[in-house]
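S.K.: sequence first, predicted coordinates after that:
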Amino acid sequence: MKTAARRAVLSVCVFCVACFSGASSLFAAAWVQPYGETFFSFSLSEYESGWYRDEEGARRKSGDGAYRKREWKLYIEHGLTEETTLLFSLPWQRAEKLAPSNFSESGFHDLEIGIRRRLWARGFETASWQALVGIPAGYDTEKSFRLGEGNTYLDLRYLWGRSYEMSGRYGYISLEGGIRHFLEGVEVDQFRMDGTWFHPFSKKWGLQSTFSVIEGFSISSAPGRNGFSLWKAGAGVVYSPTDQTDIMVRNIWDFAGKNTGDGSNLELVFSTRIGR
């Protein structure tokens with residue numbers, strides 16, 4: 001694979017890793033926030049990889065230097081009504097290729113604004129739908145080494161969740177799946193699926209595990225609409241100093257894919273919720 005192609009491939013992992021971050025015991029994707037309450041999450045993460053996966057899924061060493069990304073991300077949910085939650089996400093990133101390439105980019109990723117609306121709630125189970133619009137937040141969309149998706153997209157999902165009581169607090173399982181459609185450019189539309197399991201060990205401590213799948217509708221080595229595939233999983237420890245505040249440390253590993261980077265992402269997440 002040529003150097004330019006490898007750069008384009010590895011730049012994909014800049015936005016792939018950031019697409020699933022920050023869930024905690026205060027926030028499970030299928031649930032909406034109570035009316036008038038606001039959830040805040042701030043995360044710091046570092047992703048690094050000296051490997052990539054080609055169009056056949058084979059894992060190969062990067063010949064033009066390891067890839068590293070640092071990200072600071074603000075994520076907000078606000079309960080507009082008892083049934084509807086507003087969503088906002090804004091990440092800032094610094095991405096770089098190490099020696100021998102030695103170049104970097106920094107700036108905002110893709111601004112995301114959206115809505116989640118509850119469909120039904122029965123006992124410990126709930127379901128909702130979610131719509132997000134992603135907009136490039138000022139980076140150069142023409143560069144192969146870019147900081148985000150590169151064009152405007154619409155993300156539509158169905159979400160299901162079930163909670164359970166354990167050790168004096170609630171654990172949960174949340175699953176979601178849907179389509180990311182690009183409104184312009186030549187990007188390949190994607191199927192996306194995410195899952196989160198949070199299990200409390202006590203009122204202060206818990207374990208969170210996650211998985212994420214991104215599958216382009218087509219995958220090839222041709223320029224332009226080449227698509228990609230990425231499978232990743234993560235695990236972390238959650239500490240809750242108060243009923244409204246969580247601190248989480250976790251790691252996420254890329255373990256399969258095509259036309260994408262292959263590395264790991266270490267993340268520190270602080271989250272809290274304020275009421276009316």
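M.R.: That came through fine.
S.K.: over to Arg146. Which of the three states is it?
M.R.: At Arg146 the chain is in coil, as set by DSSP: H, G, I helix; E, B strand; the rest coil.
S.K.: now do the one 4 residues further on
M.R.: The three-state assignment at Gly150 reads coil, by three-state DSSP.
S.K.: likewise for Trp51?
M.R.: Reducing the assignment at Trp51 to three states with three-state DSSP gives strand.
S.K.: need the contact list for it.
M.R.: Taking Cβ atoms under 8 Å, 6 or more residues apart in numbering as the definition of contact, the neighbours of Trp51 are Arg59, Arg60, Lys61, Ser62, Gly261, Asp262, Gly263. Just so you know, the C-beta spots here come from the backbone N, C-alpha and C atoms, and that holds for glycine as well.
S.K.: repeat the analysis, applying 6 Å as the threshold.
M.R.: Contact analysis of Trp51 by Cβ atoms under 6 Å, 6 or more residues apart in numbering lists Arg59, Lys61, Asp262.
S.K.: please check these and keep the buried ones.
M.R.: Members of the contacts of Trp51 that pass the buried threshold by neighbour count (16 or more other Cβ atoms under 10 Å) are listed as Asp262.
S.K.: can you add pLDDT and give the contacts of Trp51 back as JSON lines?
M.R.: What follows is the contacts of Trp51, written out as JSON lines (pLDDT from 0 to 100):
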{"residue": "Arg59", "pLDDT": "89"}
{"residue": "Lys61", "pLDDT": "90"}
{"residue": "Asp262", "pLDDT": "90"}
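S.K.: any chance of CSV for the contacts of Trp51, columns secondary structure?
M.R.: As requested, the contacts of Trp51 are exported to CSV (three-state DSSP):
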residue, secondary structure
Arg59, strand
Lys61, strand
Asp262, strand
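S.K.: tell me the one of the contacts of Trp51 nearest Ile115?
M.R.: For Ile115, the nearest member of these is Asp262. The distance, counting by Cβ to Cβ, is 34.0 Å.
S.K.: for Pro91, see how far away that closest one is.
M.R.: Taking Cβ to Cβ, to the nearest Å as the criterion, Asp262 is separated from Pro91 by 21 Å.
S.K.: sorry, back to before: now the contacts of Trp51 in CSV, with distance to Phe198?
M.R.: As requested, the contacts of Trp51 are arranged in CSV below (distance: Cβ to Cβ, whole Å):
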residue, distance to Phe198
Arg59, 31
Lys61, 36
Asp262, 27
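S.K.: what about Pro200, how many residues close to it?
M.R.: Counted by other Cβ atoms under 10 Å, the residues lying close to Pro200 total 21.
S.K.: quick one: contacts for it?
M.R.: Pro200 makes contact with Met166, Ser167, Arg169, Gly171, Gly206, according to Cβ under 6 Å, 6+ apart.
S.K.: cutoff 8 Å now
M.R.: Per Cβ under 8 Å, 6+ apart, neighbours of Pro200: Ser25, Met166, Ser167, Gly168, Arg169, Tyr170, Gly171, Gly206.
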